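[1] Provided below are the primary sequence and the corresponding predicted coordinates.
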Amino acid sequence: MADFLEGLSDILFLDIETASGHESIDKVPERIRDEWLKKEKLLSKTEADYDPGSKYFERAGIYAEFGQVISIGVGYLVVDQEEERISLRTKVFSDPSEKELLEDFKALLGKKNWTLCAHNGKEFDFPYLSRRMLINGISLPEPLQMAGKKPWEIRHLDTLELWKFGDYKHYTRLELLASVFGIPSSKDDLDGSQVNHTFHIEKDMDKINTYCLRDVEVTARVYLAMNPQPQQFTLEVISIED
C-alpha cells in the first residue's frame, strides 16, 4: 500500500482538447484539403448522399494531420499520509499559438521522470501530441519517445486499457466509468462533440479549459478508484498557475 501511495507523485494525469485546423474547409490549404477530401470519402463510403467537405468541421479535429491541440490539462497527486489526504494539483496549458502551447507542455515533461496517464491515452492523447509536436518542428520529449524502447520502458498508463483487463474489443467512455464509480461528471456544461463549435464559433477558451481540467480530475479519480488506495483518504483539487 505504501509503495502505491509513494508512486502516485510520479504520475502526470492529462487530457487534451483538439479542434479542426481551420474554421471551414474553404480555409484549408489546397494540398491538405485534397488529402482531407480523400479521407472523408473513405469515411463516407456507405453514404449515398455524401457531400464533399461536409464532415470537415465535425470530424477533422480528431485527426492530428488535420486538427490542432487547443488545450492541455494536467494534474499530479501529492499524498499526505498523516492527514490521510491526497491533493490533485492541476494546471491547464492554453495559448493562441499551438506551437507555444506544445513547447510549454514539453518544458513540464522535462522537469521530472513522469509516467503519463490518460483515458484512451495510448490511442489518442499520446500519439496526437507526438504528431502535432513533430508537425510544429518540436522534438519529442522523453516521455513521448517510443522508438527503440522495450514495452516496459514506455511510461504510459491508460485508464481505458486498465479497465479492459485484456478485453481488447471493449471500449468504455470515461463518463461511464465515472458513473459506475460514483464520480461527478465532467460533462455538465460541455462535451467533446461541442468543443470545435465552442472554439471556432463561440471562441470561449475558458469554457474549454474548464472542461479539460474536469476530465483530468475525473481521470485521476477513476485511476484511484481502480487501485487499492485507502478508502478513508480524501481528495482535494488545487489549481495552480505556475
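    Okay, I see it.

[2] Quick check, Asp104 in contact with Ser94.
    No - taking contacts as Cβ atoms under 8 Å, Asp104 lies outside contact range of Ser94: 9.3 Å. In this view, the C-beta of every residue, glycine as well, is placed from N, C-alpha and C.

[3] The two - which one has more neighbours?
    Between Asp104 and Ser94, counting by other Cβ atoms under 10 Å, Ser94 is the more crowded of the two (18 against 15).

[4] Kindly list the main-chain dihedrals of that one?
    Here is the backbone geometry of Ser94 (degrees, to the nearest 10): phi -150, psi 130.

[5] That one is in contact with Asp204, isn't it?
    No - applying Cβ under 8 Å as the test, Ser94 and Asp204 come out as separate, 11.7 Å apart.

[6] I'd like to know which elements the longest strand belonging to the chain is packed against.
    Longest strand in the chain, counting residues (DSSP state E): strand 67-80. In terms of contacts (3 or more Cβ pairs under 8 Å, 6 or more residues apart in numbering; DSSP states H and E), strand 67-80 is packed against strand 11-20, strand 85-93, helix 98-109, helix 125-135, helix 205-225.

[7] could I get those as CSV with distance to Ser193?
    Shown next, in CSV, are the helices and strands packed on strand 67-80 (distance: least, Cβ to Cβ, whole Å):
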stretch, distance to Ser193
strand 11-20, 12
strand 85-93, 20
helix 98-109, 21
helix 125-135, 17
helix 205-225, 12
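
[8] Could you single out the most deeply buried of those?
    strand 11-20 (a mean of 24; mean count of other Cβ atoms under 10 Å).

[9] hmm, back to that, Leu176 is nearest to which of the helices and strands packed on strand 67-80?
    The closest of the helices and strands packed on strand 67-80 to Leu176 is helix 205-225. By Cβ to Cβ, the value is 10.1 Å.

[10] Dump the next helix or strand after that closest one to CSV, restricted to CA.
    Going down the chain from helix 205-225, the next helix or strand is strand 234-239, by DSSP states H and E. Output of strand 234-239 as CSV, limited to C-alpha atoms (Å, rounded to 0.1, in the frame of the first residue of the first chain):
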residue,chain,number,x,y,z
THR,A,234,-9.9,12.4,1.0
LEU,A,235,-9.1,14.0,-2.4
GLU,A,236,-8.9,17.8,-2.8
VAL,A,237,-8.3,19.6,-6.1
ILE,A,238,-6.0,22.6,-6.2
SER,A,239,-5.5,24.7,-9.3
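
[11] Strand 234-239 vs helix 205-225, what angle?
    Put simply, strand 234-239 runs at 150 degrees to helix 205-225, going by axes from the mean of the first three to the mean of the last three Cα atoms, to 10 degrees.

[12] Buried residues in strand 234-239, which are they?
    For strand 234-239, a neighbour-count test (16 or more other Cβ atoms under 10 Å) marks nothing as buried.

[13] Also stretch 185-199?
    186-187, 190, 192, 195-196, 198-199.

[14] How about stretch 47-58?
    Using 16+ other Cβ under 10 Å as the test for burial, stretch 47-58 gives 55-57.

[15] Can I get these in CSV including secondary structure, distance to Ser44 and pLDDT?
    Formatted as CSV, the buried residues of stretch 47-58 follow (DSSP: H, G, I helix; E, B strand; the rest coil; distance: Cβ to Cβ, whole Å; pLDDT from 0 to 100):
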residue, secondary structure, distance to Ser44, pLDDT
Lys55, coil, 7, 92
Tyr56, helix, 12, 95
Phe57, helix, 14, 95
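
[16] Out of those residues, which is nearest to Trp36?
    Tyr56 (6.2 Å).

[17] Tell me the pLDDT of Ala186.
    One correction, residue 186 is Ser, not Ala. At Ser186, the pLDDT value in this model is 69.
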